[in-house]
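K.L.:
Output the structure for:
(chains A and B)
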Protein chains: 2
Amino acid sequence: MQESEKGNKITFMVDKEKDFSEWYNTIIRQAGIIDDRYNLKGFVVYRPYGYFMLKAIAKLFEDELEKRGHQQVLFPVLIPEENLAKEEEHVKGFKAQVFWVTHGGDDKLEKRLALRPTSETAFYPMYALWIRSISDLPLKLYQTTTVYRYETKATKPLIRGREFYWIEAHDSFSSEEEAMSQIEADRETIESALLQELGIPFIFLRRPRWDKFRGAVDTYASDVMLPDGKMLQVASTHFLGTNFSKAFDIKFQDRDGKNKYVFQTCFGPGLTRILAAVISVHGDDRGIIIPPKIAPIQVVIVPIPGPDVLNYARKLEGILREQGIRAELDDSEDTPGEKFYKWEFLGVPFRVEVGVREVSAGTVTLFNRATFKRESVGLSDFVQRIRSEASKMTDLLRERAFEFFNSRIGYASSLEDLNRMLNSGKCLVRVPFCSIYEDGEACGAKLEELGLNVLGSKGEVPERGSNCLVCGRVATDVAYLASTV
Amino acid sequence: MQESEKGNKITFMVDKEKDFSEWYNTIIRQAGIIDDRYNLKGFVVYRPYGYFMLKAIAKLFEDELEKRGHQQVLFPVLIPEENLAKEEEHVKGFKAQVFWVTHGGDDKLEKRLALRPTSETAFYPMYALWIRSISDLPLKLYQTTTVYRYETKATKPLIRGREFYWIEAHDSFSSEEEAMSQIEADRETIESALLQELGIPFIFLRRPRWDKFRGAVDTYASDVMLPDGKMLQVASTHFLGTNFSKAFDIKFQDRDGKNKYVFQTCFGPGLTRILAAVISVHGDDRGIIIPPKIAPIQVVIVPIPGPDVLNYARKLEGILREQGIRAELDDSEDTPGEKFYKWEFLGVPFRVEVGVREVSAGTVTLFNRATFKRESVGLSDFVQRIRSEASKMTDLLRERAFEFFNSRIGYASSLEDLNRMLNSGKCLVRVPFCSIYEDGEACGAKLEELGLNVLGSKGEVPERGSNCLVCGRVATDVAYLASTV
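P.N.:
Residues are numbered from 1 along each chain as shown, chains lettered A, B, ... in the order given. Okay, here's the model as predicted:
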């Protein structure tokens, strides 16, 4: 599986809890996820092992989107500046981050072209052509592609880059209610793919108004908790209202014969960040642990040298592959110990060990990467056993992740409380807060001085009589505070 | 399936043979393949129906590449100018076609960045890092992605655009022999995917030296024949020799302990052009005919109104879907006739018609889009019948395409012969030719004045005593001449 890793011994022993950053950086490079030695800041190469997982993650989300009535399209990567400028707030939000194409060959282009930072302004002129009447709605299209942002912050592979891989869904509806229920549908998409299939807990929050997507009415985001306690936004859904439909003149003729502007939402799960989350949340001191659904290799077979062992191992590989399981026989010249080490580092969910004992007994020794348990399984059962263990493995990874997540949530009603919480290891703290609307921005800014972000609100109603922990005004929101990546 | 086509009646009646260009332009727009009203010349939007086919075509090629030992990666879209400039010939070939990124936000970038026109110069600096010893070889990686060329010729959707969707495979070997056998493997990949799975005949030729890929030693290309007799290059394989490995310093330590430059090949099937070929070659005056393997909808079920018909039709849809067949029930308010018309235009391979007669007899009426044959099939057989008909349909499409292709090939030994051939409808003409090496270029230029390109040679040896039909020198090659798109 690993291109150009042949014969390289991997030596890995980094304490994830003590030095998460070192752990992460070592893993993503050595496991063949990415290579960041490409000679352009913020741009990385996705290597086969990493790209396989990215594609598998994309597929999980694509399937969920299709289930919910979306269809896949592909829009141009270049967006004329005039398109970008149509929605005033939007262009303000992105202009400083745009990579501009100005020349074709030796010709200066008539109009500057933006490398898409996000595609609202590519999609919506076409929506204005495609949407005519109520029968064209809802229109729900998405693309799985890369976007480009001239980031001025320090870049970090998979987490903050200048090129990243994501899905963006753009939906148009005839009413505000339908649009709002799409936001709930997007939350369900995240829950199905991220939580159920990949075992990553998340919190779904309405962002403060001062931190919304520029051009949107409101932004709803999904954040996951990294091992260092920082929160990482992995997806967002924006309620655009009619801001863009007015700017791009997207109207439909309703049943009453009147022309009306559509209501819009857009949804963007960040595939590279989700891969970063999967690696970070589930990994341990031995390396990564890949949920079976997206593992490039689901089962590695390691022969312990002896008579007939290799033939037996080959037969097992054949059986597993025939059953659609991604199995690989490691018949390299490494020692079994080196092989164990390598494949555990690479996070292969299951290892099948076979030696003379297994051959003569007609069994295999099955090793589980998440539990470290070894068990002997008869040849007639082992495929089924691997299948059932695989589904349990994702459950176990999810439970562990939840345990960590829940143990780090606290509640604080005052700044002293908040400090105590943070010092005791809580990293996501619920607080009574004046307002996540515009008038809470000053309090948000004060918290930012402490290194905390107001992530937003779940819509919970604060306890009667509780006051904003910053300004002391009556709290109208329960806000979630955390440091962010 | 068709976003925003709801309720739109399609009226199509264009004679493919008489006016292929009009036929093609009407089809790709009205069938929801692309929309070329995006406000940027040479950039189109791939709509759901077209994008599904593009992805399915990509998958056919990806599977073939993986079978032959390739792994998928993703490289950055931006390439620093210094990389592009490393191989002298290569940069000459592409510089006039590059879209340049010069600014990030308001900052002028330190170095100009090319939007990839092709990715040799992105891949190979990394290959220099990844390849160390003979055990790292062969290295065979590919990406499925978009590339960008500032075309000055008139653009044509799917055929010549400024953004196109393709696969590029980049391979490194320890010897010239291995590299040359990769060229044969690439021909096999084209044969498996394009000819076998999609039913499109092609001719595989070594291009004349004056028409090779800049930076390569030799270029081998696959051309298909369009209904108007023009040849369309849909894929090319380049033997790069050590031209790039020397420029990028890609060396390996061989078994003899010596450091040597790798030999390289690269292979690029153009997915958008292949889709254009599938549409163009197989379609007829009623619309497109999609090979079942890549059809977004493989079976459409059309109920002929009557008691119990709709339930029966729903049941059929369920059965087909459960069997993994992409089936769709058309329960719209259109008349059956309108539905027939629409789905034939869209090229759905099979139509299942059900009315009261079918319900009471427990049968379906199965219509084949390629043969126009209708037959009655019992409920217990119909899934199997559709499967076997599907495989026969691709065979039939291939046979028909071959018939056309073969009927248009001629042989000419003089310019008069050649004229006679072209006038009699031959469009791909074999001729004795002085040389497809550099010294044949002048003869090539003369043929170009007649609107003919020297496509290249199959390596056939000309008959003893035959002379170049242009200059009269002794022929060393049998060349293929045609007009190209």
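K.L.:
got the contact list for the residue nearest to A:Val14 when sequence neighbours are not counted?
P.N.:
Among residues not flanking A:Val14 along the chain, A:Trp23 sits closest, at 4.5 Å (Cβ to Cβ, 6 or more residues apart in numbering or on different chains). The way it works is simple: take the backbone N, C-alpha and C, and place the C-beta from them, glycine included. By Cβ atoms under 8 Å, 6 or more residues apart in numbering or on different chains, the contact list for A:Trp23 reads A:14-16, A:283.
K.L.:
how about a cut-off of 10 Å?
P.N.:
A:12, A:14-17, A:227-228, A:279-280, A:283-285, A:287 (Cβ atoms under 10 Å, 6 or more residues apart in numbering or on different chains).
K.L.:
same thing with A:Pro227?
P.N.:
A:16-17, A:20-21, A:23-24, A:280-283, A:404.
K.L.:
quick revisit: where's the dip in pLDDT among the contacts of A:Trp23?
P.N.:
For those, the least confident position by pLDDT is A:Phe12, scoring 71.
K.L.:
where does the stretch 1-150 of chain A have low pLDDT?
P.N.:
Scanning the stretch 1-150 of chain A for pLDDT under 70 picks out the ranges A:1-11.
K.L.:
show me where it has strands.
P.N.:
Assigned by DSSP state E, counting those that start in this stretch, the strands in the stretch 1-150 of chain A fall at A:34-35, A:45-46, A:71-72, A:78-80, A:99-104, A:107-115, A:139-148.
K.L.:
Just the buried residues of the contacts of A:Pro227.
P.N.:
Buried members of the contacts of A:Pro227, counted by 16 or more other Cβ atoms under 10 Å in any protein chain shown: A:16, A:20, A:23-24, A:280-283.
K.L.:
The stretch 151-300 of chain A: strands as residue ranges?
P.N.:
Applying DSSP E, counting those that start in this stretch to the stretch 151-300 of chain A gives strands spanning A:163-173, A:203-206, A:218-225, A:231-241, A:251-253, A:259-261, A:263-269, A:299-303.
K.L.:
Now mean neighbour count and distance to chain B too, for these, in JSON lines please.
P.N.:
Below are these laid out as JSON lines (neighbours: other Cβ atoms under 10 Å in any protein chain shown; distance: least, Cβ to the nearest Cβ, whole Å):
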{"stretch": "strand A:163-173", "mean neighbour count": "24", "distance to chain B": "6"}
{"stretch": "strand A:203-206", "mean neighbour count": "20", "distance to chain B": "28"}
{"stretch": "strand A:218-225", "mean neighbour count": "24", "distance to chain B": "22"}
{"stretch": "strand A:231-241", "mean neighbour count": "23", "distance to chain B": "19"}
{"stretch": "strand A:251-253", "mean neighbour count": "18", "distance to chain B": "10"}
{"stretch": "strand A:259-261", "mean neighbour count": "15", "distance to chain B": "16"}
{"stretch": "strand A:263-269", "mean neighbour count": "27", "distance to chain B": "15"}
{"stretch": "strand A:299-303", "mean neighbour count": "25", "distance to chain B": "17"}
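K.L.:
Look up the closest residue to A:Lys41, ignoring the ones flanking it.
P.N.:
Closest to A:Lys41 by Cβ to Cβ, 6+ apart is A:Thr155, at 6.5 Å.
K.L.:
if I look at the one you found, how far off is B:Phe52?
P.N.:
As judged by Cβ to Cβ, to the nearest Å, A:Thr155 and B:Phe52 stand 35 Å apart.
K.L.:
out of those two, which sits in the more crowded spot?
P.N.:
Neighbour totals were compared for A:Thr155 and B:Phe52, and B:Phe52 leads with 23 against 16 (other Cβ atoms under 10 Å in any protein chain shown).
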